[in-house]
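In: Give the three-dimensional model of this entry:
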Amino acid sequence: MGFINPSEQPVEPATFLQLPLRERIRILAVHWVDDGFGTPRVLHVVYVLKMLGLYFGVGLAITSWTTAGVHFGDPGTWFDNIVVYQKLAIWLMLLEVLGLAGAFGPLCGHFTPMLGNVRYWIRPGTLRMAPWGRHVPGTGGDERTLLDVGLYLAVLASLVYPLAVHAVRVSHVPLGTGPQELVPVHAFIPILVTMPLMGLRDKVVFLAARSEQYLPIMLFSATLGALVTRHGATSADFVDLVVAFKIIICIVWIGAGTSKLGLHFVNVVPAMVSNQPGQPGFVKRAHYRSFPDDLRPSSLAWFMAHVGGTTVEIIIPVTLLLTTNNTVARIGAIAMLVFHIFITSTFPLAVPLEWNVYFGYIAIVLWGGFGHGFGASVYNIWSFDKPLLLIPVFALLTFWPILGNLRPELVSFLPSMRQYAGNWASAIWLMKPGIEERLNELPMVENQVDQLQRMKPTPYEKDDAEMTLQKVTSWRALHSQGRGLFSAAQVHLDDIETRTIRDGEFVCNAILGWNFGDGHLHDDRLIAAVQKRLNLAPGDLVVAYCESQRTPWLNPPQEYRVIDAALGVVERGTWDVADCVAEQPWLPNGPIPLNVTWTRPGYTRTPVA
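Out: Residues are numbered from 1 along each chain as shown. So this is what the prediction gives:
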């Protein structure tokens with residue numbers, strides 16, 4: 001790849017677009033191995049500057065301006081003041097909900113402009129997704145109103161307030177801990193009110209803010225923080241708060257690690273490594289069984305996934321949660337920092353770079369024991385002064401991950417802690433010629449082929465833009481669910497070779513302004529909202545959709561459905577994940593077996609001959 005220009009396509013685009021679908025997927029899947037998404041290096045520079053400058057640098061500067069003990073010019077104060085944990089979480093949540101953190105830029109389908117989120121959510125008339133619109137009074141509908149805009153602005157103000165307010169001193173801390181400050185308890189009340197209300201009106205905003213990560217921090221800052229700052233507080237109250245902060249981080253790690261058990265995650269690692277700029281080609285190829293003929297994961301990929309990934313993300317956090325040894329804790333914190341640096345270096349699609357910076361850095365703050373900080377010998381779960389409080393703490397933090405793995409259709413993959421698991425609800429949209437252009441009739445929407453053709457400083461030719469977007473569907477085919485989705489599409493559509501095929505995640509980014517890999521945002525409900533506005537004919541837009549596999553470590557069948565925008569769901573069924581991962585991304589042996597459990601009365605497939 002070049003610094004300004006994207007990398008060269010493996011085949012002349014005009015020639016490529018005349019090839020059969022399976023051959024196109026094969027070519028781009030093979031190309032992905034060495035080249036990833038082919039993003040110009042200058043965009044990686046933009047991402048790094050945003051991550052380390054806008055988030056980390058500006059976040060620390062804000063912290064230093066609003067505290068007495070943290071000094072921007074003295075890095076030693078960055079690691080032994082718990083207020084840094086609070087302020088950087090608030091700052092990151094604000095950047096997330098504005099669209100300046102994850103899901104920013106070309107790696108999420110925002111080519112030009114690179115910003116989604118706020119551009120959509122301050123405009124009445126754009127689409128919104130209410131999670132329980134039929135059940136919660138006052139939340140129904142799919143169009144943004146002035147009420148929604150006002151509520152979104154209230155969310156922004158509710159985050160600016162605790163960020164800007166000056167921290168208050170903690171009166172009692174354990175011996176050996178330096179002077180501490182906390183964000184005032186009352187400063188968290190507005191966001192604890194406005195964000196849940198916003199989520200009832202539009203779950204997209206709630207998820208975009210990464211509420212599952214940061215609201216618990218703010219809730220415990222308000223509740224346990226009230227005990228710390230009350231009259232008559234003791235140093236034990238402060239220990240309880242810090243330990244609760246540690247539990248939050250560990251639950252996220254352990255939940256994410258547990259979600260990687262099963263057959264999916266080993267397919268994620270090779271595709272991630274292939275997108276890593278600067279990684280030698282031989283290392284990338286070593287993650288595949290036999291490049292270019294067999295792109296299933298190699299034994300090295302399995303080791304990286306389940307030893308370097310799953311094991312690290314479960315065993316080390318459990319150790320950090322239980323240890324009272326400062327040296328063990330420091331080694332574990334450094335290991336988790338390295339873990340997050342590795343993830344960041346791959347520039348994964350959805351680009352959760354700031355989140356990884358935060359978690360890696362906070363691991364050092366909470367367990368590194370630098371300066372007069374939070375050594376494990378004092379700040380450990382066994383020192384929790386009010387052990388009965390651990391019951392609601394753990395119940396709150398584990399409820400959604402447990403429910404999300406047992407009933408994935410009920411819970412977004414984010415609160416389910418399946419961020420990198422590869423076990424995602426996903427979809428591909430298959431459109432007849434001219435239908436993608438009609439998406440531009442939706443408010444704020446410009447399809448990504450059009451965006452790429454006016455992308456500065458290197459606009460794409462139309463065929464080149466089309467080929468670039470097909471890289472995304474080939475990336476999907478490198479994952480387990482991609483092979484199932486393309487199988488469902490092939491057995492349903494005899495005109496699949498003439499259709500425009502898009503990954504649902506990228507389409508969702510253009511329509512809603514944000515997506516982070518959550519298929520629930522572009523399921524039947526979004527398709528119905530699109531249909532209401534475009535009045536498409538039967539067959540114009542067909543979507544192959546799959547739900548996350550429940551309890552993947554038990555490997556039950558994974559559920560899929562096929563949706564016609566004009567007709568609704570036309571077929572439900574299951575596939576065996578083992579069949580998906582046994583095939584090549586381009587399905588040279590044809591579609592995997594599908595077990596149909598329901599068909600819409602009168603509906604007939606028109607499969608590829």
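In: Quick check: which element contains the residue nearest to residue 19 when sequence neighbours are not counted?
Out: Computed as Cβ to Cβ, 6 or more residues apart in numbering, the closest residue to residue 19 that is not its neighbour in sequence is residue 27, at 7.4 Å. Yep, even glycine has a C-beta here, placed from its N, CA and C like the rest. Using DSSP states H and E, residue 27 maps to helix 21-35.
In: Can you give the distance of that helix from its chain's centre?
Out: 24 Å (Cα atoms, centre = their mean, to the nearest Å).
In: what does it rub up against?
Out: Helix 21-35 has contacts (Cβ atoms under 8 Å, 6 or more residues apart in numbering) with 1, 7, 9-11, 16-17, 19, 38, 270-271, 274-275, 281, 284-285, 288, 291-292, 295, 467, 470-471, 473-475, 477-478, 486, 496-497, 501, 584-588.
In: Same question for it: list its buried residues.
Out: 21-22, 24-35 (16 or more other Cβ atoms under 10 Å).
In: mind checking pLDDT for residue 183?
Out: In this model, residue 183 is scored at 98, pLDDT.
In: For it, grab the count of nearby residues.
Out: Applying other Cβ atoms under 10 Å, we find 27 residues neighbouring residue 183.
In: Go ahead and confirm it touches residue 164.
Out: No - counting by Cβ atoms under 8 Å, residue 183 stays clear of residue 164, with 10.2 Å between them.
In: List the contacts of residue 37.
Out: 106-107, 275, 349, 471-472, 475.
In: Any idea which helix or strand in this structure has the lowest mean pLDDT?
Out: The weakest-scoring helix or strand in the chain, judged by mean pLDDT, DSSP states H and E, is helix 41-48 (a mean of 89).
In: Name the residues of it that are buried.
Out: Within helix 41-48, the residues scored as buried using 16+ other Cβ under 10 Å are 41, 43-44, 47.
In: can I get those residues in TSV with distance to residue 426?
Out: Output for the buried residues of helix 41-48, formatted as TSV (distance: Cβ to Cβ, whole Å):
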residue	distance to residue 426
41	29
43	24
44	26
47	24
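In: Tell me how far stretch 303-322 lies from the chain's centre.
Out: Per Cα atoms, centre = their mean, the centroid offset for stretch 303-322 relative to its chain is 20 Å.
In: Show me which positions of it end up buried.
Out: 304-306, 309-310, 312-314, 316-317, 319-321.
In: any idea how far the residue nearest the centre of the chain is from residue 14?
Out: Relative to the mean C-alpha position of the chain, the nearest C-alpha, by Cα atoms, centre = their mean, is the one of residue 516, at 4.0 Å. Using Cβ to Cβ, to the nearest Å, residue 516 is found at 34 Å from residue 14.
In: Helix, strand, or coil at residue 417?
Out: Of the three states, residue 417 takes coil under DSSP: H, G, I helix; E, B strand; the rest coil.
In: Would you map out the domains in the chain?
Out: 13-35+424-599, 41-410 (automatic domain parsing).
In: circling back: pick out the lowest-pLDDT one from the contacts of residue 37.
Out: residue 349 (80).
In: ok, the residue lying closest to that one once chain neighbours are set aside - how many residues close by?
Out: Closest residue to residue 349 apart from its sequence neighbours, by Cβ to Cβ, 6+ apart: residue 107 at 5.3 Å. Counted with other Cβ under 10 Å, the neighbours of residue 107 add up to 23.
In: still on that earlier bit, save the buried residues of helix 21-35 as TSV, and put in pLDDT and distance to residue 541 too.
Out: Below are the buried residues of helix 21-35 laid out as TSV (pLDDT from 0 to 100; distance: Cβ to Cβ, whole Å):
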residue	pLDDT	distance to residue 541
21	97	17
22	97	22
24	98	20
25	98	21
26	98	26
27	97	26
28	97	23
29	97	25
30	97	29
31	96	28
32	96	26
33	97	31
34	95	34
35	93	30
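In: what helices or strands is the helix or strand where residue 529 lies leaning on?
Out: Residue 529 is part of helix 524-534 when elements are defined by DSSP H and E. Judged by 3 or more Cβ pairs under 8 Å, 6 or more residues apart in numbering; DSSP states H and E, the packing partners of helix 524-534 are helix 504-512, strand 541-546, strand 558-564, strand 568-575.
In: switch to 10 Å and redo it
Out: Judged by 3 or more Cβ pairs under 10 Å, 6 or more residues apart in numbering; DSSP states H and E, the packing partners of helix 524-534 are strand 426-431, helix 435-438, helix 504-512, strand 541-546, strand 558-564, strand 568-575.
In: closest to residue 118 out of the ones you listed?
Out: Of all these, it is helix 504-512 that lies closest to residue 118, at 12.8 Å by Cβ to Cβ.
In: tell me how far the closest one is from the chain's mean position?
Out: Counting by Cα atoms, centre = their mean, helix 504-512 comes out at 14 Å from the chain centroid.
In: Low-confidence regions, the chain specifically.
Out: Filtered on pLDDT under 70, the chain yields the residue ranges 1-2, 607-609.
In: Regarding it, what is its longest helix?
Out: Longest helix in the chain by number of residues (criterion: DSSP state H): helix 235-259.
In: Name the next helix or strand downstream of that one, please.
Out: helix 268-274.
In: Does that next one pack against any helices or strands, and if so which?
Out: Helix 268-274 packs on helix 21-35, helix 281-286, strand 288-290, strand 294-297, helix 299-305, helix 326-345, helix 462-477, going by 3+ Cβ pairs under 10 Å, 6+ apart.
In: just to revisit the earlier point, now, among the buried residues of stretch 303-322, which is nearest to residue 236?
Out: Nearest member of the buried residues of stretch 303-322 to residue 236, counting by Cβ to Cβ, is residue 321, at 18.7 Å.
In: quick one: the closest one from residue 330, how far?
Out: 15 Å.
In: tell me which element residue 597 falls in.
Out: Element membership of residue 597, judged by DSSP H and E, is strand 595-599.
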